[in-house]
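Chemist: Attaching a predicted model along with its sequence, questions to come.
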Amino acid sequence: DPVVLRNIGRQNIKLSTYSSLLKKFNQENMPVYTELILGLPGEDLNSWIIGIEKIFESELKGQLYIYPCEVYPNTKLSDKAFQKQFNIVTKKIILTETHGSAKEAKDTHEFQDIVIGSASMPTEHWRRMMIFSWMTMFLFSLKTAFFILFYMKYRFGIKFISLIEYICRKDMPKSCFTLREELAFYETHINNILKGQGRCIIMRPFGDIYWDAEEASYLRISQKMDTFYDEMLVLLKTFCRENSISVDKLELSELVSYQRMRMSDYGCRGKLKKRFQFNFPEYFESSLQSRPIKLQRRSQIMEVLRKVRNHDKKVFAREVLLWGRKSNRILSDVLWHNVTN
């Protein structure tokens, strides 16, 4: 947002240049990640959501990382006059460093100050946008609904943020227990942060390190992927009906099947093959490379090249999430071909 950039004395490259670079990197299969900071002076609820949509529409296919604004000594944000000018509200919380070793209660803890509100974004709005941001990273960055979001955008013109907002408002069907559980977790977690707790999560079965909130969500659903995507299909049918979107039932079902097949399972073994009646394998491969084609009813067979994994949760978390997030290896590799008869 130009107002925010002016307030913090910073300039970014033009969005058009950013988009052009992303498209070029996508065509070369080079993973790219983008970072945003929540809580800067001048940012409000609307500019934050609109900014995320602009990032998505600029051909980002890799990672979007969102961080709460941190206040460091000898910076503008630490200056009392600057804080007063923008009515900046800060909170001292326990420092829990992402992917760092988890500390025990007896250990000496460090602390950090984060921005939790300003004149343009009251704390209650910041709270909502932090939850929205975690859900955005869970669905988009960690790829759990990555292909679904792209399909809805380029098939029906539904904004990326629209489906995410629909979920965050809890407008989804009551049967979507998994997403409702994650939202409840985010609500509890943000309350704890506002009480001074750290912003990272310990997931002991997956290793004695700190995970970001959206990563904790990913690790939880990795143990119940089938259930999650059964619920996602129900959610999409309801969303389409409520928004008067006419869609072929088989097309929607195959969309969710494709999304499911591209996700790595905890403990998955061997290969998986499926015949699609729509050309989803080609459609999404072209999309990832910023060479979009039309979705049409053309039969294709896709095979997932899953690595054989043992049932060690620490190995899964390390190889799929820790190593795979920035490299896009969080997605399973696939081969596909057209059916000629």
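Modeler: In hand now; what should we look at?
Chemist: Pick out the residue closest to the middle of the chain.
Modeler: Centroid-nearest residue in the chain, with Cα atoms, centre = their mean: Met137, separated by 1.7 Å.
Chemist: before we move on, which element is the closest residue to it other than its chain neighbours in?
Modeler: Spatial nearest neighbour of Met137, chain neighbours left out: Glu214 (4.0 Å); criterion: Cβ to Cβ, 6 or more residues apart in numbering. (C-beta placed from N, C-alpha, C; glycine too.) Assigned by DSSP states H and E, Glu214 falls within helix 213-221.
Chemist: I'd like the next helix or strand past that helix.
Modeler: Next element after helix 213-221 (DSSP H and E): helix 225-242.
Chemist: List the buried residues of that next one.
Modeler: Across helix 225-242, burial judged by 16 or more other Cβ atoms under 10 Å covers 225, 228-240.
Chemist: Could you do stretch 195-208 as well?
Modeler: 198-201, 203, 206-207.
Chemist: Adding pLDDT, distance to Thr108 and secondary structure, write the residues you listed out as CSV.
Modeler: Listed next are the buried residues of stretch 195-208 as CSV, based on pLDDT from 0 to 100; distance: Cβ to Cβ, whole Å; DSSP: H, G, I helix; E, B strand; the rest coil:
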residue, pLDDT, distance to Thr108, secondary structure
Gly198, 96, 14, coil
Arg199, 96, 19, coil
Cys200, 97, 17, coil
Ile201, 95, 21, strand
Met203, 94, 23, coil
Phe206, 94, 25, helix
Gly207, 93, 22, coil
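Chemist: Could you export these as TSV, including distance to Phe132?
Modeler: Formatted as TSV, the buried residues of stretch 195-208 follow (distance: Cβ to Cβ, whole Å):
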residue	distance to Phe132
Gly198	20
Arg199	15
Cys200	19
Ile201	18
Met203	22
Phe206	25
Gly207	28
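Chemist: Name the residues that touch the helix holding Glu214?
Modeler: Helix 213-221 has contacts (Cβ atoms under 8 Å, 6 or more residues apart in numbering) with 134-135, 137-138, 141-142, 144, 178, 181-182, 185-186, 189, 199-201, 203, 206, 211, 228, 313, 317, 321, 325.
Chemist: Looking at these, which are in strands?
Modeler: 201, 211 (DSSP state E).
Chemist: Buried ones among the contacts of helix 213-221?
Modeler: 134-135, 137-138, 141-142, 144, 178, 182, 185-186, 189, 199-201, 203, 206, 211, 228, 313, 317, 321, 325.
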